[in-house]
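Asks: Please work out how this folds:
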Amino acid sequence: MHCDADGGRGAPRGFRPGLVLEAGTRRFPILDLSADSCLIEASDSAALRGFADIWDGERHLSQCLLVVAAPEGDLLRCSFKRRTPFRLEPPRDFA
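Replies: Now for the predicted structure:
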């Protein structure tokens, strides 16, 4: 983790403001997102398992199934069993 010029905690490379993981009623800022995991700001007491959604502001990006949440310093790495892009319409081959 690197620091901003003002001494605050900076975001890792690839950070997109507004990107959040929503698990139930809880929302966590996503600092890093890959195909199989994400790194979030969460207390080490956060026990995340099961279904979650990934949002970019008001845009629903994907639904995922969390299988592991392991601490990485003061952050939490969540691994996906699956991550499915969210869509409002049926897939093309079923339309």
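Asks: Which parts of this structure are strands?
Replies: Counting by DSSP state E, residue ranges of the strands within the chain are 19-23, 26-33, 37-40, 50-56, 59-72, 75-85.
Asks: And for the lowest-mean-pLDDT helix or strand in the chain, what's in contact with it?
Replies: Every helix and strand in the chain was compared by mean pLDDT, DSSP states H and E; the lowest is strand 75-85, with a mean of 84. Contacts to strand 75-85, defined as CB atoms under 8 Å, 6 or more residues apart in numbering, come from residues 21, 28, 31, 35-42, 44, 46, 48, 52, 54, 61-71. Glycine gets a C-beta too; all of them are placed from N, C-alpha and C.
Asks: Can you say which of these are buried?
Replies: When these are checked for burial by 16 or more other CB atoms under 10 Å, the buried set is 21, 28, 31, 37-42, 48, 52, 54, 61-62, 64, 66, 69.
Asks: so how far is D36 from the closest residue to W55 other than its chain neighbours?
Replies: In space, W55 comes closest to V20 once its chain neighbours are excluded; the distance is 5.1 Å by CB to CB, 6 or more residues apart in numbering. Distance check for V20 against D36: by CB to CB, to the nearest Å, it reads 18 Å.
Asks: Same question for R59.
Replies: Plainly put, R59 is 21 Å away from D36 if you go by CB to CB.
Asks: F51 now?
Replies: Remark: distance between F51 and D36 (CB to CB) = 16 Å.
Asks: Please apply the same query to E72.
Replies: Here the criterion is CB to CB. By it, E72 lies 15 Å from D36.
Asks: likewise L61?
Replies: Taken as CB to CB, the spacing of L61 relative to D36 amounts to 15 Å.
Asks: And T25, by the same measure?
Replies: If you measure T25 against D36 using CB to CB, the figure is 25 Å.
Asks: Quick check: closest non-adjacent residue to the most centrally placed residue in the chain.
Replies: Taking CA atoms, centre = their mean as the criterion, L21 is the residue nearest the geometric centre of the chain, at 3.9 Å. Taking CB to CB, 6+ apart, and ignoring the residues beside it in sequence, L21 has F28 as its nearest neighbour in space, at 4.8 Å.
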